[in-house]
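Asker: Got a sequence here, can you build the structure:
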Amino acid sequence: MTRAVDTSQELAAFLRSRRERLDPHDLGLPARRRARRTPGLRREEVAELAGVSIDYIVRLEQGRGLRPSADVAEALAGALRLAPDERAYLFNLARRRPRDTGKPATVAEPSLAGLVADLSPLPALLMNHRYDILAWNGEMARLLMDFDTLPPSQRNAMWLCLMYPKMREFYVDRERVIREGIAHLRAAWAAYPEDRELAGRIAEFTAHDEEFARLWAERDVKVNGRGHKVIRHPDAGEIAVRFETLMPLQDPDQQLVIYRAADDESRSALNRLRA
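Answerer: Numbering: from 1, shown residues only. Now for the predicted structure:
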């Protein structure tokens, strides 16, 4: 039977392995008179780069059960020149949540934009955590609207639901859709506390939409990755859809949303729109 991970021992081994792979010359460290008996950096050099004591590094590498704080884990990641995946691994071993270091996605990753197109005939789009719509296929444009007719600042799913007159009666159960969207948005707001553009969006919605202000104040939180909506389409009538939201590992801020018909009548309506 495989044992659970001993995080203290694995953290110790991982730190040692990352320290030993570094070349002091690459980091611009001064040459030492004493010859190095082992490859890589010395513990005192890592301690100096990370701003911690040598004793602390020794105890970490001996697996004595220390749990570095988020600040110390960040300093160690920088000192050891960890790649993003290695940094995440270090934080997982320390059982800390890493700070977000990536910038929010504002344009679609080309491979994901291609995937959105290839998902045809299923309606699909790509969004970031702010609900900014980054890419969509023709089926989604025919179902919802032609996003190309909007300026980029208005290509936001929450903005369209709240502020765009043609969308106000678009969903049969509008309040549920808005409530679930706000609960999802609040989770994103906490996950990206430094995102001023998201904070600005929320301030705009709160100031200009009473429904949003009321529901935002309730502080419901729920990541809504799967669900059901009924759409009032101006040409095809009511269409019931089920949606799935997928998050790519390489681009976690780009969320792929895929719609499927929820019943035979809705499937026929989507086929008519596609034709």
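
Asker: And for Glu109, the neighbour number?
Answerer: Here the count is done by other CB atoms under 10 Å, and Glu109 has 17 residues near it. The way it works is simple: take the backbone N, C-alpha and C, and place the C-beta from them, glycine included.

Asker: So for it, what's the pLDDT?
Answerer: At Glu109, the predicted lDDT confidence score is 94.

Asker: who are the neighbours in contact with the nearest residue to it once chain neighbours are set aside?
Answerer: Nearest non-adjacent residue to Glu109, counting by CB to CB, 6 or more residues apart in numbering: Asp251, 4.9 Å away. Residues near Asp251 by CB atoms under 8 Å, 6 or more residues apart in numbering: Ala105, Glu109, Leu112.

Asker: Ok, Arg174 next?
Answerer: Cys161, Arg168.

Asker: heads up, I number from 6, so please use that
Answerer: That works, and once the first residue is 6, the last one we named lands at Arg179.

Asker: Distance of it relative to Lys234?
Answerer: 10 Å (CB to CB, to the nearest Å).

Asker: Once you drop chain neighbours, what's closest to Tyr136?
Answerer: That would be Ala162: by CB to CB, 6+ apart, it lies 4.2 Å from Tyr136.

Asker: Contacts only, for that neighbour.
Answerer: Met132, Tyr136, Ile138, Gly186.

Asker: Which stretches in the stretch 6-155 of the chain count as strands?
Answerer: 129-132, 138-141 (DSSP state E, counting those that start in this stretch).

Asker: Tell me where the model's unsure across the stretch 6-155 of the chain.
Answerer: 6-8, 34-43, 105-107 (pLDDT under 70).

Asker: before we move on, back to that, look up phi and psi at the residue nearest to Tyr136.
Answerer: phi -60, psi -40 (degrees, to the nearest 10).

Asker: The helix of greatest length in the chain: which residues count as buried?
Answerer: In the chain, taking DSSP state H as the definition, the longest helix is helix 179-196. By neighbour count on 16 or more other CB atoms under 10 Å, the buried set for helix 179-196 is 182-194.

Asker: Mind putting those into a markdown table with pLDDT?
Answerer: Putting these into a markdown table (pLDDT from 0 to 100) gives the following:
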| residue | pLDDT |
| --- | --- |
| Val182 | 94 |
| Ile183 | 95 |
| Arg184 | 95 |
| Glu185 | 94 |
| Gly186 | 94 |
| Ile187 | 95 |
| Ala188 | 94 |
| His189 | 92 |
| Leu190 | 93 |
| Arg191 | 92 |
| Ala192 | 90 |
| Ala193 | 89 |
| Trp194 | 90 |
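
Asker: Sweet, I'm off.
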